[in-house]
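**Student:** Quick one: sequence plus predicted model below, questions after.
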Amino acid sequence: MPHSPLLMQLLVILGTARLCGLLLRLVGQPAVIGEMAAGIVLGPIVLGALAPDWHAVLFPPQSIGALASLSTLGLVLFMFIVGVELRAPDGVRAQIKAAGSVGLLSVALPMLLGIAVAPWLLLLAPIGVRFWPFALFMAAAMSITAFPILARILKDRGITHTPLGRLALSSAAIADVLAWITLALVVALIGSGDGYGGLARTLLGLLVLGGIVLVVLKPLYRGLLMRHAADGVPSPMVLAALMAGLFACAAATEWLGLHAVFGAFLFGTCLPRDDRLLRSLIDRIEPLAVVVLLPIFFALAGLNTTGDAFVGAGLGALALIVVTAVAGKILGGGAGARLAGYGWRDSLAVGSLMNARGLMELIVMKVGLDAGLIGPALFTMLLVMAIVTSVMTAPMLTLFARRPRADGIRGERATL
């Protein structure tokens, strides 16, 4: 083993992630779910228990800093792409009421349930964590939807452009914006460190940053891309300018006491809604972020897990988290679709899609862990919940969604 184990760590992490991703794809699941599970395999629960000495040599405490830096870079790049990708799907104007109904209720009900179970879960939180910041964090953790995984499931099924697919995508976009706003407020409350005065300064700084992004950066980059990337393919100099804006916004939110992912997402949303630009950025940035850097994030997540989460009362708490998360999303999203006039079968299909959490849940968990709101036990439980809810999405969609007709033409909403 060399003095610096970084290269060996990367070899083991990437190999395990690819293998687990391949295994999950063989059973009809998105590869990213297997890569998330690879984090648990590399953590103390599996590898640490089977080969503790080798695990200690492979992941010594002094090497975690380098992995954490690469992990943060991967999160920043990924959330930037998510921000660029976030847009109203085709036909959303015709169903904006339905999308708003699903989006709001698929956030409101999980949030209420998250707050309701917080008094029991607070016993597992680090000492000194106050109730309301913890309860609001649990509300945000319960209400997030994995927009990228949802989009991938719809694409794999060939139903992205059906009414059901458009409704799910537009609803997930609304739900994620609301959940991220809530999480930002929670982290601002914790990270300010100066009570409500510090919170006010953090929120004011966030509003100022949002104004700068909207009023200054958005037209600046629109003009830059129109002049030097009219075909949607940025040159190396333009790409460097995009990365400079991305890292500046990520650093700004970090300086404000928030997480860098908020600034990355905010900057991504200010770029033009150009499909050619999106494809170019995905082709040039996403492979590095998703294939190389995000598996490091999954591995670090696994290193933060603990087998104590499954001992004694921990199993009851895990069951409570999973049941609350699933019920909140399926019932909330289903009720929203039902109120908008959709049939029960299609409403439950939408609710099932909103239940996918995947990587986005891990990012929420990472933010909460870094802010000191949760410890290893709750982190482990939320990680298991993220994997379970993501795995069950595709089978539940098969159960509830009706197969679209070959001509793609649908009649009543209730027959999507």
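**Tutor:** Arrived safely, thanks for sending.
**Student:** Show me the shaky parts of the protein.
**Tutor:** Scanning the chain for pLDDT under 70 picks out the ranges 1-4, 86-95, 148, 190-199, 402-416.
**Student:** Now Ala141: closest residue in space that isn't a chain neighbour?
**Tutor:** Nearest residue to Ala141 in three dimensions, chain neighbours excluded: Val364, at 5.2 Å (CB to CB, 6 or more residues apart in numbering). Yep, even glycine has a C-beta here, placed from its N, CA and C like the rest.
**Student:** residues in contact with that neighbour?
**Tutor:** Ala140, Ala141, Ile144, Ala179, Leu183 (CB atoms under 8 Å, 6 or more residues apart in numbering).
**Student:** Can I get stretch 68-83 as PDB, trimmed to CA atoms?
**Tutor:** Provided in PDB are the C-alpha atoms of stretch 68-83 (Å, rounded to 0.1, in the frame of the first residue of the first chain):
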ATOM      1  CA  ALA A  68     -14.200  14.700   0.700                       C
ATOM      2  CA  SER A  69     -12.900  17.400  -1.600                       C
ATOM      3  CA  LEU A  70     -13.400  15.300  -4.700                       C
ATOM      4  CA  SER A  71     -16.900  14.400  -3.400                       C
ATOM      5  CA  THR A  72     -17.800  18.100  -3.000                       C
ATOM      6  CA  LEU A  73     -16.600  18.800  -6.500                       C
ATOM      7  CA  GLY A  74     -18.800  16.000  -7.800                       C
ATOM      8  CA  LEU A  75     -21.800  17.300  -6.000                       C
ATOM      9  CA  VAL A  76     -21.300  20.800  -7.200                       C
ATOM     10  CA  LEU A  77     -21.000  19.700 -10.900                       C
ATOM     11  CA  PHE A  78     -24.000  17.300 -10.600                       C
ATOM     12  CA  MET A  79     -26.300  20.000  -9.000                       C
ATOM     13  CA  PHE A  80     -25.200  22.400 -11.600                       C
ATOM     14  CA  ILE A  81     -26.400  20.000 -14.300                       C
ATOM     15  CA  VAL A  82     -29.600  19.400 -12.400                       C
ATOM     16  CA  GLY A  83     -30.200  23.200 -12.300                       C
END
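**Student:** Give me the residues contacting that stretch.
**Tutor:** By CB under 8 Å, 6+ apart, the surrounding residues in contact with stretch 68-83 are 147-148, 246-247, 250, 260-261, 264-271, 281-282, 285-286, 288-290, 292-294, 296-297, 300, 359, 363, 366.
**Student:** repeat that for 6 Å
**Tutor:** For stretch 68-83, the surrounding residues in contact (CB atoms under 6 Å, 6 or more residues apart in numbering) are 246, 250, 260-261, 264-265, 268-269, 285-286, 289, 293-294, 296-297, 300.
**Student:** Narrow those to those in helices?
**Tutor:** The helices, defined by DSSP state H, take in 246, 250, 260-261, 264-265, 268-269, 285-286, 294, 296-297, 300 from the contacts of stretch 68-83.
**Student:** Report the buried members of these.
**Tutor:** Buried members of the ones in helices among the contacts of stretch 68-83, scored by 16 or more other CB atoms under 10 Å, are 246, 250, 260-261, 264-265, 268-269, 285-286, 294, 296-297, 300.
**Student:** Spatially, which two of the residues you listed are the most separated?
**Tutor:** Between any two of those, the greatest separation by CB to CB is 26.4 Å, found for Thr269 and Leu300.
**Student:** what sits against the spatially most central residue of the chain?
**Tutor:** By CA atoms, centre = their mean, the mean C-alpha position of the chain lies nearest to Met360, the distance being 1.0 Å. Residues near Met360 by CB under 6 Å, 6+ apart: Ile144, Ala146.
**Student:** Isn't Cys249 up against Thr269?
**Tutor:** No. In this structure, Cys249 is not within contact of Thr269 by CB atoms under 6 Å, at 10.3 Å.
**Student:** Got the phi and psi for Met160?
**Tutor:** Careful, residue 160 is Thr; it's not Met. Here is the backbone geometry of Thr160 (degrees, to the nearest 10): phi -60, psi -40.
**Student:** how close does the nearest residue to it once chain neighbours are set aside sit to Ala394?
**Tutor:** Nearest residue to Thr160, sequence neighbours excluded (CB to CB, 6+ apart): Leu154, at 4.5 Å. Leu154 is 10 Å from Ala394, where distance means CB to CB, to the nearest Å.
**Student:** what does Ala230 give?
**Tutor:** In this view, Ala230 and Ala394 are 40 Å apart by CB to CB.
**Student:** what do you get for Cys20?
**Tutor:** Cys20 is 17 Å from Ala394, by CB to CB.
**Student:** What of Ala172?
**Tutor:** The gap separating Ala172 from Ala394 is 15 Å, by CB to CB.
**Student:** Who has more neighbours out of the two?
**Tutor:** Taking other CB atoms under 10 Å, Ala172 and Ala394 do not tie; Ala172 has more neighbours (31 against 21).
**Student:** tell me what whichever helix or strand the more buried one is part of is packed against?
**Tutor:** Ala172 is part of helix 163-191 when elements are defined by DSSP states H and E. Helix 163-191 is packed against helix 96-121, helix 131-143, helix 147-157, helix 195-212, with contacts defined by 3 or more CB pairs under 6 Å, 6 or more residues apart in numbering; DSSP states H and E.
**Student:** Now do Ile144: how many residues are near it, please.
**Tutor:** 30.
**Student:** Touching, Ala179 and Ser143? I think so.
**Tutor:** Yes. Using CB under 6 Å, Ala179 is in contact with Ser143, at 4.6 Å.
**Student:** of these two, who's got more company?
**Tutor:** More neighbours surround Ser143 than the other of Ala179 and Ser143, with 30 against 24 (other CB under 10 Å).
**Student:** show me what contacts Leu113?
**Tutor:** Counting by CB under 6 Å, 6+ apart, the residues that Leu113 touches are Thr324, Gly328.
**Student:** my bad, should have said Ala386
**Tutor:** Here Ala386 is in contact with Arg357, Glu361, Leu362 (CB under 6 Å, 6+ apart).
**Student:** Tell me the buried residues in the host helix or strand of the last one?
**Tutor:** The one in question is Leu362. Element membership for Leu362 (DSSP H and E) is helix 358-370. Neighbour-count burial for helix 358-370, counted by 16+ other CB under 10 Å, picks out Gly358, Leu359, Met360, Glu361, Leu362, Ile363, Val364, Met365, Lys366, Val367, Gly368, Leu369.
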